[in-house]
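> 3D, please:
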Amino acid sequence: MKGLIDSHAHLNDPRFAQDLSEVVERARQAGVTAVVNVGYDLPSSREAVELAERFEELWAVVGLHPHDAKLWDGEVHQALGELAGHRKVLAIGETGLDYHYDNSPRDEQRAVFRQQLALADELKLPAVIHSREAAQDTLEILREFPQVPCLLHCYSGSLEMAKIYVEMGHYFSFGGPITFQNANRLRGVVAGIPLERILLETDCPYLTPHPHRGKRNEPAYLGLIAEKLAEIHGVTVEEVVRITAANARQFFRMPGEEDTR
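Have a look, this model is predicted:
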């Protein structure tokens, strides 16, 4: 299974500090040709850029997770803008809203979400979106920035809302949860979204796919997600790999093979 692209990983997480080279090599052996490392605060965004310089197949996204919206200030804004100028930075994120934990006040989350979307617009970059238990507010804010292409990472909303996002031109990424035995509702949503708008992700070290749940997740497991997506859409795994990789290259404007669909 060659040509897989992991559109959302956190190899900048401390849990990979001791064996990162081995993790990257296992991904290569599993057919993963590119991994997009996503920042969640300023230090992790800087590390994502450093890792992209160190490993040819790693790329970076820089931003502030809604959990840490309370840390936003002018210095963070400026630093992210500078990092975003790096040749291997593909997008702003992960940004968005998380009303499940409320680690930052909701009004601050919304304000910082708007600031990062404005930064993406200014830099002509797409944005990677985290949304948890904040579906309506996420949609309303994204409607304020129709010119910013967005990737709804680890999408868990309704099919009705997904259809609105499709009309807006946005994309979705799915990972380990589509393999979970109790995820029938989610698989129903995935089945209703065109493959041409879907990317694969691991969100590692989190959300490890079946049958490895309970272990640290890593990009080498991405093929398990591709297999489940193929099953859901009734197509071959090869087609899923080809289409999702083309989608990733198109959304992130990554260099590489042309979309031959």
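
> Residue 208: helix or strand, and which one exactly?
Under the criterion of DSSP states H and E, residue 208 resides outside all helices and strands.

> Then residue 91?
Here residue 91 is assigned to strand 89-98, by DSSP H and E.

> Mind giving me the packing neighbours of that strand?
strand 32-38, strand 58-62, helix 106-123, strand 127-132, helix 135-143 (3 or more CB pairs under 8 Å, 6 or more residues apart in numbering; DSSP states H and E). C-betas here are computed from N, CA, C, even on glycine.

> Strand 89-98 and the first one, what's the angle between them?
Right, strand 32-38. Orientation of strand 32-38 against strand 89-98 (axes from the mean of the first three to the mean of the last three CA atoms, to 10 degrees) gives an angle of 50 degrees.

> Between the helices and strands packed on strand 89-98, which shows the greatest average number of neighbours?
strand 58-62 (a mean of 29; mean count of other CB atoms under 10 Å).

> what's that strand in contact with?
11, 24, 34-39, 45, 48-49, 51-52, 80, 83-84, 86, 88-94, 128, 252, 254 (CB atoms under 8 Å, 6 or more residues apart in numbering).

> Kindly calculate the angle that the strand holding residue 91 makes with helix 106-123.
Using the same axes, to 10 degrees: strand 89-98 against helix 106-123 is 160 degrees.

> Strand 89-98 pairs with which strands?
Its sheet considered, strand 89-98 pairs with strand 58-62 (parallel), strand 127-132 (parallel) by DSSP bridges.

> Now mean pLDDT and distance to residue 147 too, for those, in a markdown table please.
Formatted as a markdown table, those follow (pLDDT from 0 to 100; distance: least, CB to CB, whole Å):
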| stretch | mean pLDDT | distance to residue 147 |
| --- | --- | --- |
| strand 58-62 | 98 | 19 |
| strand 127-132 | 98 | 11 |
